[in-house]
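**Q** quick one: sequence plus predicted model below, questions after.
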Amino acid sequence: MLRVDKVDFRDRTRYALTVVEANGRRRPANVYAFRLHDEFMVVRNTGGDGLLRKVRYDAVERIVTAAPVPAGEQLAIPEAMLQASFWADRESCVAYGSSPARGK
């Protein structure tokens, strides 16, 4: 099965993806890509739970849509949470953010 690779992605971009789970089942995923690493990317689910997740490139079957996010609308989390070493033993993480500009 032909899947996408790291070169098909950009950071600070919203994506609608088709992801293949370990059991072979396909599911849709709406995500915001924070950081791209060699084997995976760090994303936030934009629909549903809003968790930070590690998504491996080989689990993505196809990119349905991609929309770059303008500088003023980009999401921010601490740099330490974007490092590959932070994700070595994690698949997901809860991170809450706040911004006076967003009224939170």
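**A** It's in.
**Q** contacts for the least confident helix or strand in the chain by mean pLDDT?
**A** Across the helices and strands of the chain, mean pLDDT, DSSP states H and E gives its lowest value to strand 92-93, namely a mean of 90. Residues outside strand 92-93 that contact it (CB atoms under 8 Å, 6 or more residues apart in numbering) are 51-54, 81. C-beta: built from backbone N, CA, C; applies to glycine.
**Q** put the buried members of those residues into a ChimeraX selection.
**A** Provided next is the ChimeraX selection string for whichever of those are buried by 16 or more other CB atoms under 10 Å:
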select :52,53,54
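**Q** out of the contacts of strand 92-93, which one sits closest to Glu39?
**A** Nearest to Glu39 out of those is Lys54 (CB to CB; 9.1 Å).
**Q** pLDDT wise, what is the closest one at?
**A** Per-residue confidence (pLDDT) for Lys54: 94.
**Q** now do Asp49 against Ser92, distance only.
**A** 9 Å (CB to CB, to the nearest Å).
**Q** oops, could you answer that again for Val55 instead?
**A** Relative to Ser92, and taking CB to CB, Val55 is found at 10 Å.
**Q** show me what contacts Val64?
**A** Applying CB under 8 Å, 6+ apart, the residues near Val64 are 15-18, 28.
**Q** switch to 7 Å and redo it
**A** The contact partners of Val64, taken as CB atoms under 7 Å, 6 or more residues apart in numbering, are 16-18.
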